[in-house]
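Asks: When you get a sec, could you give me coordinates for this:
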Amino acid sequence: MSVENKMDDSRRRLLVATSAVGGGLACAAAVPFVASLTPSERAKAAGAPVEADISKLQPGEMMTVEWRGKPVWILRRTEEMLAGIKKVDGEVSDPNSDRPMQPEYAHNEYRSIKPEYLVVVGICTHLGCSPSSKFEPGSVGPDWQGGFLCPCHGSTFDLAARVYKSKPAPDNLEVPPHMYLSDAKILIGEDGKA
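Replies: Residues are numbered from 1 along each chain as shown. As a prediction, the model looks like this:
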């Protein structure tokens, strides 16, 4: 082997070794960068569907679960509450939730899959305050059948979370995607339609 061939061979080895080290360093630098692009476990959990056990929820009681960082109310309505909903159909802005922002199963006067249960996001559609429950008839006014009152700007919602006419809130409370896994469990965040 000549001197020139030995030098070319040394250069090739040096080039291969340098390339290998550079490639390894590039991979080592890229791994944390690529990992930062994937959602964290906390972020995944924040958007994941949430199961709610409604087996102990008595008629007239409401429970709150968190989904995507928002409060979701599950209200088990009594027969009296359901009757009160029918009495205010003419007083609410969107009685059958016909606006396209609601899932198909909310397009009825009860805004629910099962009339007995109301499942809504507990955030006012006006400026994002959380309304308070005012289930007792007459507690907000003489014709009040029960529902929710937003303390920030006075928007009122009936027991189907439909906004009353001439109130600051532009829409009914949001019905999140949900489905019943059994008579005792609801899955919030997924409705089997997607």
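
Asks: all strands of this protein, in order?
Replies: Taking DSSP state E as the test, the strands found in the chain are 50-53, 62-67, 70-76, 117-121, 132-134, 147-149, 156-157, 178-180, 185-188.

Asks: Pull the distance from the fifth one to the chain's centre.
Replies: Strand 132-134 sits 20 Å away from the centroid of its parent chain (CA atoms, centre = their mean, to the nearest Å).

Asks: And for the fourth one?
Replies: Put simply, strand 117-121 sits 11 Å off its chain's centre (CA atoms, centre = their mean).

Asks: partners of it, with directions?
Replies: Partner strands for strand 117-121, per DSSP bridges, with pairing direction: strand 70-76 (antiparallel).

Asks: Which of the strands of the chain has the lowest mean pLDDT?
Replies: Out of the strands of the chain, strand 132-134 stands lowest, with a mean of 89 (criterion: mean pLDDT).

Asks: Helix or strand with the lowest mean pLDDT in this protein?
Replies: Ranking every helix and strand in the chain by mean pLDDT, DSSP states H and E puts helix 41-47 at the bottom, with a mean of 57.

Asks: Give me the pLDDT value at Gln154.
Replies: If you look again at residue 154, you'll see it is Gly, not Gln. pLDDT for Gly154: 87.

Asks: I meant Glu136, not that one.
Replies: Glu136 is given a pLDDT of 89.

Asks: now it, nearest residue through space, not along the chain?
Replies: Gly146 (6.5 Å; CB to CB, 6 or more residues apart in numbering). Just so you know, the C-beta spots here come from the backbone N, C-alpha and C atoms, and that holds for glycine as well.

Asks: who's in contact with that neighbour?
Replies: By CB atoms under 8 Å, 6 or more residues apart in numbering, the residues touching Gly146 are Met81, Gly84, Lys134, Phe135, Glu136, Pro137, Ser139, Asp158, Leu159.

Asks: Equivalent analysis for Lys193, please.
Replies: Lys193 neighbours (CB under 8 Å, 6+ apart): Pro103, Glu104, Pro177.

Asks: Mind doing that once more with 10 Å?
Replies: Pro103, Glu104, Tyr105, Pro177, Met179 (CB atoms under 10 Å, 6 or more residues apart in numbering).

Asks: neighbours around the last one, how many?
Replies: If you count neighbours by other CB atoms under 10 Å, Met179 ends up with 17.

Asks: Apart from its neighbours in sequence, what residue is nearest it?
Replies: Closest to Met179 by CB to CB, 6+ apart is Asp191, at 4.8 Å.

Asks: Ok, the fourth one next?
Replies: On the basis of CB to CB, 6+ apart, the spatially nearest residue to Pro177 that is not a chain neighbour turns out to be Asp191, at 4.1 Å.

Asks: could you list every residue that touches that neighbour?
Replies: Neighbour list for Asp191: Pro49, Pro103, Glu104, Tyr105, Ile113, Val175, Pro176, Pro177, His178, Met179, Tyr180 [criterion: CB under 10 Å, 6+ apart].
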